[in-house]
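Visitor: Here's my sequence, what's the structure:
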Amino acid sequence: MDNTNSNQKEIRTKPRKKLPPRKKADDNVESISIVIPLFNEEESLNQLAEQIESEMNTLFGEEWEVIFVDDGSTDNSYQVVKKIHDKNNKFKAIRFRRNFGKSAALSAGFANAKNKYVATMDADLQDDPKEFKEMLQLIRRGYDLVSGWKKTRHDPLEKRLPSKLFNFVTSKCSGIRLHDFNCGIKLYRREVVQSLDVYGEMHRYLPALAHWNGFKVTEMPVEHHKRQFGHSKFGFARYIRGFLDLLTVVFTTRYLKRPMHFFGVWGTIFMLIGFIIFAFLSVEWLCGEVHLSERPLAWFSMGLVIIGIQFFSIGLIGELLVKQSFTNNSKNYLIKSKIK
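Guide: Just a heads-up that it's a prediction; the model follows:
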């Protein structure tokens, strides 16, 4: 008889313990997650952490967290954040492998924020965490997003003037009257950031995107401190990128579900102008005053008609794509509440 198996010890595997489900944030509890994008700000981080800790302990007690998002810093910013975390584990961090931009940093922070309110601020000490107290009062009054307004700015003139132009144009195009769309300090309800798709340079238009999604948006003047360390990381090229993104925002929000309303209007205008010019030239031709081949205006009118037809064609194709997408996607609208 083979005793090989009998001499071996019987091995029994214990059943794995099921991990408890992750606790969700209780919306009845006042709590906040502060998302702070940073890029080469090692000198300001310790002072910023002290300011935030003091203010948040007063406002929220233990129900707060800070999420630093290191956007590919080349200095010791991440090491400084690790030391801050060792002192207080409410300070957390995400580190990118390279510089992806502020929108990507905010998107990553929003995805990891778990509390009832989500705030943003810059890491350069120009924003003051004491502003959150008054912002919180506005949120409690029924607003969904409170955006800061740097009414008195401590920036050079060459930075203030383009910013004023940018805010004016954005205000007119977006339909929401704000003085400062790009202010770093903001306070949101969590459902607002969950509804936003932040990419490219879209961080400049978050109030407009929230407004178009049906949320109540307001602004309040905030104190703007002088920069103590380093220098601004944004150059003049940001205004060009910002303008192009503004066109993207306007089109993808106002006309995403109705592209024919955009292309059809312009197509109608071009064709109408073309037909009017051509009709005027036809009257002259019938009277024998001119030969159409000798009038460059005739070619111009034909060009307008052709461009108008092309705009109409693009609008019709867009409508077909929207209809197909709408049919296949059940999540087309943001629902605030239901009564069953």
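Visitor: For the closest residue to residue 116 other than its chain neighbours, the count of nearby residues, please.
Guide: Closest residue to residue 116 apart from its sequence neighbours, by C-beta to C-beta, 6 or more residues apart in numbering: residue 31 at 4.9 Å. To be clear about C-beta, it is placed using only N, CA and C from the backbone, and glycine gets the same treatment. By other C-beta atoms under 10 Å, 20 other residues sit near residue 31.
Visitor: go on, the one 10 residues further on?
Guide: Around residue 41 sit 25 other residues, with neighbours defined as other C-beta under 10 Å.
Visitor: pLDDT weak spots in the stretch 51-200 of the chain?
Guide: 154-159 (pLDDT under 70).
Visitor: Just the helices from it, written as ranges.
Guide: Remark: helices assigned in the stretch 51-200 of the chain by DSSP state H, counting those that start in this stretch are 77-87, 102-112, 131-140, 157-174, 190-195.
Visitor: Identify each buried residue in the third one, please.
Guide: For helix 131-140, the neighbour count (16 or more other C-beta atoms under 10 Å) marks 131, 132, 135, 136, 138, 139 as buried.
Visitor: residues in contact with it?
Guide: 32, 55, 59, 117, 119, 146, 148, 185, 187, 189, 218, 220, 222-223 (C-beta atoms under 8 Å, 6 or more residues apart in numbering).
Visitor: So which of the residues you listed wins on neighbours?
Guide: Going by other C-beta under 10 Å, residue 146 tops the contacts of helix 131-140 with 29 neighbours.
Visitor: mind listing what residue 188 touches?
Guide: Shown in contact with residue 188 (C-beta under 8 Å, 6+ apart): 117, 118, 119, 120, 144, 145, 210.
Visitor: could you redo these as TSV and give each row distance to residue 296?
Guide: What follows is those, written out as TSV (distance: C-beta to C-beta, whole Å):
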residue	distance to residue 296
117	62
118	59
119	60
120	55
144	55
145	53
210	49
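Visitor: what's the closest of these to residue 70?
Guide: Using C-beta to C-beta, residue 120 comes nearest to residue 70 of the contacts of residue 188, at 15.2 Å.
Visitor: right, and residue 190 touches residue 116 too?
Guide: Yes: counting by C-beta atoms under 8 Å, residue 190 touches residue 116, with 6.0 Å between them.
Visitor: Now do the residue nearest to residue 116 against residue 210, distance only.
Guide: 20 Å (C-beta to C-beta, to the nearest Å).
Visitor: Right, I'll call it a day here.
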